[in-house]
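# Just a sequence and a predicted model for now, questions to come.
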Amino acid sequence: MNRANYDRDRGMALLRMMERIRAFEEQAELAATRDGLVLGAIHLSIGQEAIPAGLLPSLDTTDLLLSTHRGHGHTLAKGASPVAMMKELLGRAGGCCGGKGGSMHIADFGVGMLGANGVVGANIHIGAGAAHGAKLLGDGRIVVDIFGDGAINRGPFLEGLNWAGVFELPILFVCEDNQYSASTRTSDMTAGDGAAARARSFGIRTTEIDGNDAEAIADLAPELIARIRKTGQPEFLHARTYRLHGHTYFDPAAYRPKAESDRQWAEDDPIQRQRDVLASHGQPPDQIDKARSDAVTEMEATLADATIAPWPADNTVFDDVQDIGSPAREAF
Amino acid sequence: MNRANYDRDRGMALLRMMERIRAFEEQAELAATRDGLVLGAIHLSIGQEAIPAGLLPSLDTTDLLLSTHRGHGHTLAKGASPVAMMKELLGRAGGCCGGKGGSMHIADFGVGMLGANGVVGANIHIGAGAAHGAKLLGDGRIVVDIFGDGAINRGPFLEGLNWAGVFELPILFVCEDNQYSASTRTSDMTAGDGAAARARSFGIRTTEIDGNDAEAIADLAPELIARIRKTGQPEFLHARTYRLHGHTYFDPAAYRPKAESDRQWAEDDPIQRQRDVLASHGQPPDQIDKARSDAVTEMEATLADATIAPWPADNTVFDDVQDIGSPAREAF
Amino acid sequence: MEQMTYAQAAARAVADAMRQDPTVWCVGEDLGRGGVFKQYADLPEEFGPDRISDAPISEAAIMGAAFGAALVGTRPIVEMRFADFALCATDELVNQIAKARFMFGGQSRAPMVIRKPMGMWRSSAAQHSQSLESWYVHIPGLVVCCPATPQDNYSMMRAAIACDDPVVYLEHKDIWALEGPVDVAEDYAFGKARRRTEGNDLTIVSWSNTANLATQAALTLAGEGVGANVLDLRSLWPWDKESVLESVRRTGRLLIAHESVQVGGFGAEVAATVAEHAPCRIKRLGSPRSLISYAPNLEDQLRVTEQMIVDAARAMWS
Amino acid sequence: MEQMTYAQAAARAVADAMRQDPTVWCVGEDLGRGGVFKQYADLPEEFGPDRISDAPISEAAIMGAAFGAALVGTRPIVEMRFADFALCATDELVNQIAKARFMFGGQSRAPMVIRKPMGMWRSSAAQHSQSLESWYVHIPGLVVCCPATPQDNYSMMRAAIACDDPVVYLEHKDIWALEGPVDVAEDYAFGKARRRTEGNDLTIVSWSNTANLATQAALTLAGEGVGANVLDLRSLWPWDKESVLESVRRTGRLLIAHESVQVGGFGAEVAATVAEHAPCRIKRLGSPRSLISYAPNLEDQLRVTEQMIVDAARAMWS
Ligand SMILES: Cc1ncc(C[n+]2csc(CCOP(=O)(O)OP(=O)(O)O)c2C)c(N)n1
Ligand SMILES: Cc1ncc(C[n+]2csc(CCOP(=O)(O)OP(=O)(O)O)c2C)c(N)n1
Ligand SMILES: [Mg+2]
Ligand SMILES: [Mg+2]
């Protein structure tokens, strides 16, 4: 459906960010499967790009983000450098964590990205704490804390949401519900009506949204964020989406009917949906396509850069373990 | 208010059980404060007797119970021997745990009482597992799992309720809501509407009740238990009550207005309420009083028995650590 | 004797036990698809979803619920997926499972096998690579197993399932595909080390995958005329003090090699026990007290390699 | 020099630090009433509920939220109430707090003090009595403190609060009321042991409350003409290897005494290090690998007493 005075610039910005996220992950996947350069597991968010693209550009750079093992898109949308990210995926010097963390621990504190997490659900109460700290410091920062549908079955979901409610913290919890927890259909292992129903039971204002509708998310984001800044109260967003690829790059996702993902690709790819929206509002096709080609060009160059980056210097191995006491074998 | 064809025998049975629980704990408190014979902390449930008295006699002996640090009343109402319990509180031979556990680890597997717990909330998912085991074995046992209002802020509350819902387990969760978590007013540290609201968010059928109304609980219990046996589905009971004594026997409860507990004593002591119900239905006063005097006589004798019991034999120290490997210092 | 991988041996052991005892069941995330490392391959098909049970992402409840189910008469096998995630269930394991039998004065047992795939697995980084076996050895009530071969992953798994104590069963993630002969009739007694090589010049004590590296190292040393008696402890609680003391009394030299952090590692317990009861030349080789990196060149610096074992052995004469 | 109890010394240290640094705050259950052991007495009145914050019964969130607050620039002091309950927050401490700085390549710090009252406290039974200091020593990224006196509970607390690393701070529950002189000007350097007594015949290494027992035992031994050099390690990571090795090179005898379970305890690390670098007569004295009972006569059998230390010392000449 078409809208009056549709903002095509914003629409293109949304498309560009989604294309960049996808192109980044396509290149990362090639680096893994074609080049064998990604050594650890990576979890692709292909099909879920609308959530970070719609939500995170409405934050200030100083605002805070906590993410999951599937955090490339979040990190890019928060403003991190794709080159530093790609180098991290390849475990190279210049990676945003110096090659020590890899995909599951990607972080860029310079843009308020406080880290992906290798432990499902662990970022929920930690995120509440980041908001707690910001509130104590009174510096006006707010937190966006993103986790998956599987994470709502871990204790930190309860403890983190209760904490945010009790201490009245400026945080937006986002459940990125792609319907799967690794090879398990999350609904099979979840009692009750799921994330939104649970969030409401903590008295937290909760909104449900089509997580593949970038425009709708971008409409909602400024409103949610402004309200959190104003009231200082937590909010919850339940965004329904779908993981178009496997759980990890080497997961063929044989546990779900191919027809299911085929249908999703055909009918509910957030990027295609955004392209259609733009087209239906008269955006010239070449400009729509250019978002894709620019993104691919950027991310091919990104991978090329990362590929030629050296390994971290051997002598960085004990850096940043801790200040007190030496980590070296038999240190005296 | 009076009811037609009121069952005075059941009413007296309820009163007797409540009087026995209270007398047991009064004796335990004397053993602690007057005699210095209780060495560890004990947590009294004085004021909360209506819940175990109303609920647990409707279970079969083979049915299962899990309890908390405040579990004397539950354990008695499930049919455990007060003498074995009192000996355990005194750390003596013949205690239900051989003197190894004390009040916080009291258990009597012979009557299906699978243990108090020193860790708040830990019995919730363990209880779900007991029901899971019973379901796998198909032996028809159901589980009653009792915890406090403070326990709903720990992860096991979420993980345990979700587990029971997902696996469709025959368990009744009971939140014994006495409004306090140690020296903290639980509502100050709880977001949202609390236990019942959270339980409903897991799709678990939930009932709220006046936890100091023994008659109402006894009316409800058979219905709940029958339904759980029939459907095999979990249920949740939120029972509001009040802890008339301190958190531990040495806690003066200075953190709450004396007027608050005075009012509770005057207006909402479950035992006095039950006495009034019986009186208003024409139960002779001497019989009502006899419930108290019989209970006191029994529990004074119980304490006397326990007091003369010997310490556990020194050589039991390493019994029941484990079968494999010796616990002894420098064992070979 | 059949050839099997380390993963297949475990699956076979679980299947054989489940056929004999209907109260044995397995629970963990994604088990219905055979487990993340395929260590439950074919079991869902044979035993169905009740006995090879999926679970929500609820480590605390997986551990806690399995414990409850053990208290009422079943024998659960708990899958923690990565040993690192088991830290989400530490209260359940340490305060509940390990202590219940004792605290309740012997009224209960917790016959459980708690599987925790551990160890470095190329570029898994700090949250997916830990080896914390020494933690569990320190906890009364627990048995601790670290199988290093397909044979032991069969025999030890059978013994663990049959045991009435809770058994922390630490498989090494890097050797799921390791092949070897398995004699299903060979049984295993907790606390008996396996003599991987004989020798009178040097005792090498190890466990888990490092025992395989030590065995290789011993061949190199043998070529140099150095006879190393490699003892693969297999279980760390109980552990085979007798064999270790007997060996060091012969050799007068003890090298202890393990993948986990050296400081506070189980190697310290072995070294301390020998120092108290049969003093001799003692050397430990473990990981620096540092974190495990994603970058391979940094990760490698934390590994204990076959070459390092050979060098450390040679240095025991210098 | 003022006289204070161990609990008062900690409260004083926290207050002095909070006055100097507005980013320091405390969070834990019941803190608003001064803490369960009154170790926060008077702080709520001075600093108010935001800086001496109550918490829900959510150990995982107390630890996790404090960590998040540390990442954004505050310096939380986390109260776990009983060290045993801290096991409910093990993922947060070990997988998150200890690793964040490294995993993120140095972008972050977690300046936190994690207070875990530990140890036997008459008839607290198995779930309220544990001493797991050796666990934390084994975890890279953590500093581990075990103060034994009011002076150290002041000086070490100040150092812990000032430290940018996460510090696991293990106070002993049995000595909250222990009185002693406190010089608030005395500062403390991590990894420096305190020489509780001098002596050239025997080295006794200990920490936490057992160091107090060892000091008493040394007086008895002195009366018998045996000079014991009692080293109270105070911090277990880092620990004062230099002083221990220097001392055993003088005395040729090492007795290590601690309350925690001997098997896999930190005493094993001390013994192993000495065996590797300065071999001498070594003896450990710790708790049997058993569970702590409620009944006092059973509980007592797990305690390491002053008398046992004296006897073990004497036996080092037999
Ligand atoms: C505590 C914990 N348990 C299990 C895992 C293994 N694991 C990694 S991702 C994942 C699935 C998570 O599902 P969800 O939260 O829906 O996120 P998604 O992968 O769908 O984005 C699992 C089980 C883990 N990392 N941490
Ligand atoms: C995990 C854990 N945290 C803290 C404690 C200390 N503690 C013991 S009882 C208690 C209060 C529990 O409140 P509630 O659940 O309402 O039970 P009640 O005491 O009111 O019966 C606390 C905090 C504990 N035992 N376990
Ligand atoms: Mg998902
Ligand atoms: Mg309560």
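The structure has been received and is ready for your questions. Ligands and ions are numbered 1, 2, ... in the order given.
# OK, contacts around C:A160?
By Cβ atoms under 8 Å, 6 or more residues apart in numbering or on different chains, C:A160 lies in contact with C:113, C:143, C:145, C:167, C:169. The C-beta positions use only the backbone N, C-alpha and C, and glycine is treated the same way.
# Tell me which entries of the residues you listed lie within strands.
C:113, C:143, C:145, C:167, C:169 (DSSP state E).
# Next, format the contacts of C:A160 as a markdown table and append neighbour count.
Output for the contacts of C:A160, formatted as a markdown table (neighbours: other Cβ atoms under 10 Å in any protein chain shown):
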| residue | neighbour count |
| --- | --- |
| C:V113 | 28 |
| C:V143 | 27 |
| C:C145 | 30 |
| C:V167 | 30 |
| C:Y169 | 26 |
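# I figured C:G64 was touching C:A89, is that so?
Yes. Applying Cβ atoms under 8 Å as the test, C:G64 and C:A89 come out as touching, 7.1 Å apart.
# quick revisit: among the ones in strands among the contacts of C:A160, which are in reach of ligand 3?
Checked against ligand 3 using Cβ under 5 Å from the ion, the ones in strands among the contacts of C:A160 give no members in range.
# Among these, which one lies nearest to chain B?
C:V143 (5.0 Å; Cβ to the nearest Cβ).
# nearest residue to the closest one other than its sequence neighbours?
With sequence-adjacent residues excluded and distances taken as Cβ to Cβ, 6 or more residues apart in numbering or on different chains, C:V143 is closest to C:V167, at 4.4 Å.
# just C:A15 next, same as before
Leaving aside its chain neighbours, C:A15 sits nearest to C:L43 (6.0 Å; criterion: Cβ to Cβ, 6+ apart).
# Count the residues that sit near the residue in the stretch 1-150 of chain C positioned nearest to chain D.
With Cβ to the nearest Cβ as the measure, C:H138 is the residue of the stretch 1-150 of chain C nearest to chain D, at 3.4 Å. For C:H138, the neighbour count with other Cβ atoms under 10 Å in any protein chain shown is 28.
# Count the residues that sit near the closest residue to it other than its chain neighbours.
Nearest residue to C:H138 in three dimensions, chain neighbours excluded: D:G264, at 3.4 Å (Cβ to Cβ, 6+ apart). When neighbours are counted by other Cβ under 10 Å, D:G264 registers 30.
# For D:G264, list the residues it contacts.
For D:G264, the contact set (Cβ under 8 Å, 6+ apart) comprises C:134-135, C:137-138, C:266, C:268-269, D:134.
# hmm, back to that, the residue nearest to C:A15: how many residues sit nearby?
With other Cβ under 10 Å as criterion, C:L43 counts 21.
# ok, now A:G110?
A:G110 has 13 neighbouring residues, counting by other Cβ under 10 Å.
# Just read off the phi/psi values of it.
phi -60, psi -30 (degrees, to the nearest 10).
# Contact partners for the closest residue to A:F167 other than its chain neighbours?
Spatial nearest neighbour of A:F167, excluding adjacent residues (Cβ to Cβ, 6+ apart): A:H132 at 5.7 Å. Neighbouring residues of A:H132 by Cβ under 8 Å, 6+ apart: A:163, A:167, A:169, D:65, D:68-69.
# how about a cut-off of 6 Å?
The contact partners of A:H132, by Cβ atoms under 6 Å, 6 or more residues apart in numbering or on different chains, come to A:167, A:169, D:65, D:69.
# go on, C:Q151?
Neighbouring residues of C:Q151 by Cβ under 6 Å, 6+ apart: C:V182.
# And the helix or strand where it lies, what's buried?
Using DSSP states H and E, C:Q151 maps to helix C:150-162. Across helix C:150-162, burial judged by 16 or more other Cβ atoms under 10 Å in any protein chain shown covers C:150-162.
# now stretch C:114-128
For stretch C:114-128, burial by neighbour count (16+ other Cβ under 10 Å) applies to C:114-121, C:123-128.
# check the residues you listed against chain A, which are close?
Contacts with chain A within the buried residues of stretch C:114-128, counted by Cβ under 6 Å from any Cβ of the partner chain: C:123-125, C:127-128.
# from those, which is closest to A:A216?
C:Q127 (34.6 Å; Cβ to Cβ).
# Surely C:L245 and C:A278 touch.
Yes. Counting by Cβ atoms under 6 Å, C:L245 touches C:A278, with 4.9 Å between them.
# Show the residue spans covered by the strands in the stretch 151-300 of chain A.
A:171-177, A:180-181, A:184-185, A:205-210, A:235-240 (DSSP state E, counting those that start in this stretch).
# Which of those sits closest to ligand 2?
When the strands of the stretch 151-300 of chain A are compared by Cβ to the nearest ligand atom, strand A:171-177 sits nearest ligand 2, at 23.9 Å.
# Can you tell me which residues in the stretch 201-318 of chain C are near ligand 2?
Contact residues, the stretch 201-318 of chain C versus ligand 2 (Cβ under 6 Å from any ligand atom): none.
# Helices along the stretch 201-318 of chain C, start to end?
Secondary structure of the stretch 201-318 of chain C by DSSP state H, counting those that start in this stretch: the helices cover C:208-223, C:241-251, C:266-277, C:296-300, C:306-315.
# The third one and chain A in contact?
No. Against chain A, helix C:266-277 shows no contacts by Cβ under 6 Å from any Cβ, the least distance being 12.3 Å.
# close to chain D, is that helix?
Yes. Using Cβ under 6 Å from any Cβ, helix C:266-277 reaches chain D at C:268-269, C:271-272, C:275-276.
# which residues touch C:E186?
C:E186 neighbours (Cβ under 6 Å, 6+ apart): C:S155.
# I'd like to know how far the residue of the stretch 1-150 of chain C closest to chain D sits from C:V304.
21 Å (Cβ to Cβ, to the nearest Å).
# can you check A:L137 too?
From A:L137 to C:V304 the distance is 44 Å (Cβ to Cβ).
# Dump the helix or strand hosting A:I51 to CSV, restricted to CA.
If you go by DSSP H and E, A:I51 is part of helix A:50-55. C-alpha atoms of helix A:50-55 as CSV (Å, rounded to 0.1, in the frame of the first residue of the first chain):
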residue,chain,number,x,y,z
ALA,A,50,15.2,-4.8,8.9
ILE,A,51,15.4,-4.8,12.7
PRO,A,52,18.8,-3.2,13.1
ALA,A,53,18.4,-1.1,10.0
GLY,A,54,15.0,0.2,11.2
LEU,A,55,15.9,0.6,14.9
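# Can you name the helix or strand that the residue nearest to A:T248 when sequence neighbours are not counted falls in?
Closest residue to A:T248 apart from its sequence neighbours, by Cβ to Cβ, 6+ apart: A:A41 at 4.6 Å. For A:A41, there is no host helix or strand (DSSP H and E).
# Correct me if wrong: A:A41 contacts A:H247.
No. The pair A:A41 and A:H247 fails to qualify as a contact (Cβ under 6 Å) at a distance of 8.9 Å.
# For chain C, just list every one of the strands.
With DSSP E, the ranges of strands along chain C come out as C:2-5, C:24-27, C:52-53, C:75-79, C:113-115, C:143-145, C:167-169, C:179-182, C:194-197, C:202-206, C:228-232, C:235-237, C:253-261, C:281-287.
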